[in-house]
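Colleague: Following is a predicted model, sequence given first.
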There are 2 protein chains.
Amino acid sequence: MITIKDIARAAGVSHTTVSRALNGSSLIKPGTRERIEKIAADMNYMPNYSAKNLVTRKSNTIGLFFSSIEQGTSSSFLADALKGIRRELDKNYMLTVSGIDDPGSLGSVNPRRYDGILVMSQSELDNGFIYHVRASGIPLVVLNRQLDDPSIPNVASDDRVGGRAAADHACERGHRRIAIIEGKPGFKSSSERRSGYMDGLIAHGLTPNPDYFVQGDYSIESGYSAMNRLLDLPQRPTAVFCGNDDMAIGAMNACFDRGVSIPGDISLIGFDDMVFARYTNPPLTTIRKSVAEIAEEGTKLLLRHMEHPDLKPVQHLLGSRLILRRSVAEPAEIDGS
Amino acid sequence: MITIKDIARAAGVSHTTVSRALNGSSLIKPGTRERIEKIAADMNYMPNYSAKNLVTRKSNTIGLFFSSIEQGTSSSFLADALKGIRRELDKNYMLTVSGIDDPGSLGSVNPRRYDGILVMSQSELDNGFIYHVRASGIPLVVLNRQLDDPSIPNVASDDRVGGRAAADHACERGHRRIAIIEGKPGFKSSSERRSGYMDGLIAHGLTPNPDYFVQGDYSIESGYSAMNRLLDLPQRPTAVFCGNDDMAIGAMNACFDRGVSIPGDISLIGFDDMVFARYTNPPLTTIRKSVAEIAEEGTKLLLRHMEHPDLKPVQHLLGSRLILRRSVAEPAEIDGS
DNA sequence: CTTTATGATGAAAACGTTAACATTTATAAG
DNA sequence: CTTATAAATGTTAACGTTTTCATCATAAAG
């Protein structure tokens, strides 16, 4: 393995000069720099990052931590997030990926190991981890879930606005019996989307009906059974807002199995706009939330915080918007049972 | 930041002793070890990995490289792979994730940066990268794609066996006009699956019909248009084997749009068994290939190679098996146009 | 009691960088 | 030509570990 000292010898200069030349210091004569760069390239020099990091007290790596990497939530989640991050991250940063609940995750959170940390959070269960990171002093941004604590930089989608958009749309198409299949209890996204949904209803003069709130947990299966419960109701809803697309797919299947047609008998609205939403049958009207965009924004923010350690934390909510497809129609009957 | 020297001072021993105590050296008196461990814990000591790595000449990180992280192939891919890897990887290894074609990926491949590398490969385009890694001397395992070069450790699913299973199944259900929507040209998986498909046909006394080979590229859209081409044929196939589930979904949509019923008019078989396969309409009969399992096996293999640098490389093909669901039925008409 | 082996600890060097400070060389001003 | 100043390079000491080799106890053997 060749080191800067080898290069120094070959170039007849001191290793310090080599270090400077290779790191773009301004105190090196252009001629010398080029000569050294050439020699380094010829010798196929690669810096030893351990040594570098030891003395600069940086790690050159930023860590991405996921809630529940095991119980895959939306499956394209991770891929989308990585896309967004990589788009922003300087090319010689390393990016590690770990699960928040992986054994050893807590212990690995060490300022010498990470220059910054991104937490892709799904639930309040992650708070323990988040505050642990915060206590360690590593710059941190929490993604994907709205935080109540304004002292932690945070970027997420505006779930409430999204839920509202869904409800508004259903109302505007003439629905008055609009149900919601809620996401996982305890998740901020669940409650925000529900709040938005209620906002929409109320704004259109509707009173939320307790029968029309059914619990899901963001899984396809839960969507399936939740929809079945809705279909068992004496007075079925004419439209259903599902807390995410996965549950909408489950709901769709439940309808299909019981011969209720979408959107003929029941209209369906999802949330997330995952890849498959446009290929369901019928294509799913849904609220688009861009994980990649959240990740991208979050990375930018993290980078800023790494450079300016005492930047004020901000909460950044990205808009979510309605994607019209074909799972929503006018209700068949105007009113009554 | 507290170091072993601080601990040494607090314990009244030399920092060498602390190092040994904390690393489980056998030359430390049990009493001393416990005392030191306690002090270290009390002081909340965390090792500086840069320093550690510098002297041990290890990096404590293994790198996962993906083909085309940008053009998301199957979306759950990444999540599945990470699951499998994490399951095997010792808890204090770091795992980095990068795209093969990310700028700077090539340059970052440095024995001091990675103790081992896992390549999740999809096509021969990755070979440049793979050989670059090989040349660098870093232990390497290529996952997910069968390699022709036996000198590189490799774990993948047996695509040929899978393709064969699909064709066999169609034949056994009585189909004689069986088409294939092929995967991306140039991908080994495409050609292997096709070979298996042909094996199956031939074993059942059928001659492959050139009209029934249509090109796709593993995307949903390509499945859609490929199926349309098939439906335009004067003599339609009664069963279609799709190179992956994404294309099967596209194909399903094409059928739906043109009013052809699955499996009434046409039977459909996919490949991969991704999460959504069981929620399509009808649920998709497909070939299960477990990315997580491949990743897990591959990680084990990599670890072995890291420990024993001159282990013989092996190619490890994991079985793939037919998952029966409801997209296949007997053909409606026995023969004739 | 010595001597010898063995078990536990310590001192010092090394790992490959960067950075603080010192020194040389070139340039400009007198 | 000096001399002062700036530009370019060199020396040396960190950074926090592990490792080699030396030293000191302690226990076993004579």
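Modeller: Sure thing, it's come through.
Colleague: how about the helices in chain A?
Modeller: A:4-11, A:15-22, A:30-42, A:49-56, A:77-88, A:105-108, A:127-136, A:159-172, A:188-203, A:220-232, A:245-257, A:291-307 (DSSP state H).
Colleague: can you dump the C-alpha coordinates of the last one into CSV?
Modeller: The one in question is helix A:291-307. Output of helix A:291-307 as CSV, limited to C-alpha atoms (Å, rounded to 0.1, in the frame of the first residue of the first chain):
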residue,chain,number,x,y,z
VAL,A,291,-40.1,10.1,0.0
ALA,A,292,-37.2,10.9,-2.4
GLU,A,293,-38.0,14.6,-2.1
ILE,A,294,-38.2,14.4,1.7
ALA,A,295,-34.9,12.6,1.8
GLU,A,296,-33.3,15.1,-0.5
GLU,A,297,-34.5,18.1,1.4
GLY,A,298,-33.5,16.4,4.7
THR,A,299,-30.0,15.7,3.4
LYS,A,300,-29.5,19.3,2.4
LEU,A,301,-30.6,20.4,5.8
LEU,A,302,-28.3,18.0,7.5
LEU,A,303,-25.4,19.2,5.5
ARG,A,304,-26.2,22.7,6.5
HIS,A,305,-26.3,21.8,10.1
MET,A,306,-23.0,20.0,9.8
GLU,A,307,-21.4,23.1,8.5
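Colleague: any residues touching it, and which ones?
Modeller: For helix A:291-307, contacts defined as CB atoms under 8 Å, 6 or more residues apart in numbering or on different chains pick out A:62, A:76-77, A:80-85, A:87-89, A:115-118, A:120, A:139-141, A:143-144, A:153, A:155-157, A:311, A:313-314, A:316, A:318. Placement of C-beta: from N, CA and C, glycine included.
Colleague: what's the answer for stretch A:97-112, then?
Modeller: Contacts for stretch A:97-112 (CB under 8 Å, 6+ apart): A:53, A:57, A:59, A:63-70, A:78, A:82, A:117, A:119, A:121, A:126, A:129, A:132-133, A:136-138, B:1, B:46, B:48-50, B:82, B:86, B:91-92, B:94-97.
Colleague: Now the worst-scoring helix or strand of chain A on mean pLDDT: buried residues?
Modeller: One helix or strand of chain A scores below all others by mean pLDDT, DSSP states H and E: helix A:105-108, with a mean of 85. For helix A:105-108, burial by neighbour count (16 or more other CB atoms under 10 Å in any protein chain shown) applies to A:105, A:108.
Colleague: Please see if it touches DNA strand D.
Modeller: No. Between helix A:105-108 and DNA strand D, judged by CB under 7 Å from any atom of the strand, nothing touches; the nearest distance is 14.1 Å.
Colleague: Now which of the contacts of stretch A:97-112 would you call buried?
Modeller: Applying 16+ other CB under 10 Å to those flags A:53, A:59, A:63-67, A:69, A:78, A:82, A:117, A:119, A:121, A:126, A:129, A:133, A:138, B:46, B:48-50, B:82, B:86, B:94-97 as buried.
Colleague: Run a quick neighbour tally on residue A:134.
Modeller: Residue A:134 has 16 neighbouring residues, counting by other CB atoms under 10 Å in any protein chain shown.
Colleague: Okay, it and DNA strand D: tell me how far apart.
Modeller: 22 Å (CB to the nearest atom of the strand, to the nearest Å).
Colleague: Same question for residue A:310.
Modeller: Where DNA strand D is concerned, residue A:310 sits at a distance of 22 Å (CB to the nearest atom of the strand).
Colleague: re the thing from before, return a PyMOL selection command for the buried portion of the contacts of helix A:291-307.
Modeller: With 16+ other CB under 10 Å as the criterion, this PyMOL line picks the buried residues out of the contacts of helix A:291-307:
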select buried, chain A and resi 62+76+77+80+81+82+83+84+85+88+89+115+116+117+118+120+139+140+141+143+144+153+155+156+157+313+316+318
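Colleague: Out of the contacts of helix A:291-307, list just those in strands.
Modeller: A:62, A:116-118, A:120, A:140-141, A:143, A:155-157, A:316, A:318 (DSSP state E).
Colleague: Can you narrow those down to the ones near chain B?
Modeller: With the criterion set as CB under 8 Å from any CB of the partner chain, no member of the ones in strands among the contacts of helix A:291-307 is near chain B.
Colleague: Pipe those residues into TSV and attach pLDDT and distance to residue B:164 per row.
Modeller: TSV is the format used below for these (pLDDT from 0 to 100; distance: CB to CB, whole Å):
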residue	pLDDT	distance to residue B:164
A:62	96	45
A:116	97	49
A:117	97	47
A:118	97	44
A:120	93	40
A:140	97	51
A:141	98	49
A:143	95	44
A:155	97	48
A:156	95	47
A:157	93	45
A:316	95	52
A:318	95	47
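Colleague: Looking at those residues, spot the one nearest residue A:269.
Modeller: Nearest to residue A:269 among these is residue A:157, at 15.8 Å by CB to CB.
Colleague: Distance check, the residue nearest to that closest one when sequence neighbours are not counted against DNA strand C.
Modeller: Excluding its sequence neighbours, the residue lying closest to residue A:157 (CB to CB, 6 or more residues apart in numbering or on different chains) is residue A:289, at 4.1 Å. Distance, residue A:289 to DNA strand C, by CB to the nearest atom of the strand: 41 Å.
Colleague: Check whether residue A:289 really touches residue A:320, as I assumed.
Modeller: Yes. Under the criterion of CB atoms under 8 Å, residue A:289 makes contact with residue A:320 at 4.6 Å.
Colleague: more neighbours, these two?
Modeller: The residue with more neighbours, out of residue A:289 and residue A:320, is residue A:320; 27 against 24, by other CB under 10 Å.
Colleague: Count the neighbours of the closest residue to that one other than its chain neighbours for me.
Modeller: Nearest in space to residue A:320, with sequence neighbours left out and distances taken as CB to CB, 6+ apart, is residue A:162 at 3.7 Å. For residue A:162, the neighbour count with other CB under 10 Å is 25.
Colleague: lowest-confidence stretch among the helices of chain A?
Modeller: Note on the helices of chain A: lowest mean pLDDT is at helix A:105-108, with a mean of 85.
Colleague: what does the stretch 151-300 of chain A have sitting close to chain B?
Modeller: So far as CB under 8 Å from any CB goes, the stretch 151-300 of chain A lies against chain B at A:220, A:249, A:250, A:252, A:253, A:256, A:274, A:275, A:276, A:279, A:281.
Colleague: Great, nothing more from me.
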